[in-house]
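*Asks:* structure here, sequence nowhere to be found:
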């Protein structure tokens, strides 16, 4: 059950990450190609891992855990950068999103909690079989 829910989360998150990256890049004056590529690649990795779990749960769990680990690292890095930019008031490097930086950091934090949930669930034990 845990791996199945993690797989479902991976399908949803894997589809949403590239779409949200497109929205983010179109709404900013200064587009970030590397962040866009990271979002698309991590979304594709989540979708690939979810497919692997569907084919063979035991083998696919490894891919799923790796994909969640990658996305977790990206979200953590993004959240840390956003908090640093918020705390350094007057920073000229901060790209002003269409929403407040605090709201964006809160949304990233919620996303990080969801990603951590997917990661923990993907590491479930095989003993239940």
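*Replies:* Yep, that arrived. Predicted model, so just to flag it, every value in this text is computed and none were measured. Numbers count the residues shown, from 1 in each chain.
*Asks:* quick one: buried residues of the lengthiest helix in the chain?
*Replies:* When the chain is parsed with DSSP state H, its longest helix is helix 57-87. By neighbour count with 16 or more other C-beta atoms under 10 Å, helix 57-87 contains the buried residues 60-61, 63-65, 67-68, 70-72, 74-75, 78-79, 82, 85. Every C-beta, even on glycine, is put in place using the N, C-alpha and C of the backbone.
*Asks:* relative to residue 6, which of these is nearest.
*Replies:* residue 64 (6.0 Å; C-beta to C-beta).
*Asks:* quick one, what contacts the closest one?
*Replies:* 3, 6-7, 10, 49-50, 52-53, 118, 122 (C-beta atoms under 8 Å, 6 or more residues apart in numbering).
*Asks:* again, but for residue 16
*Replies:* residue 43.
*Asks:* going forward can the numbers begin at 30, since that is how I track them
*Replies:* Okay, residue one is now 30; in that scheme the one you just asked about reads as residue 45.
*Asks:* secondary structure element for it?
*Replies:* Residue 45 is part of helix 31-56, with elements assigned from DSSP states H and E.
*Asks:* which SSE is immediately downstream of that helix?
*Replies:* Next element after helix 31-56 (DSSP H and E): helix 62-84.
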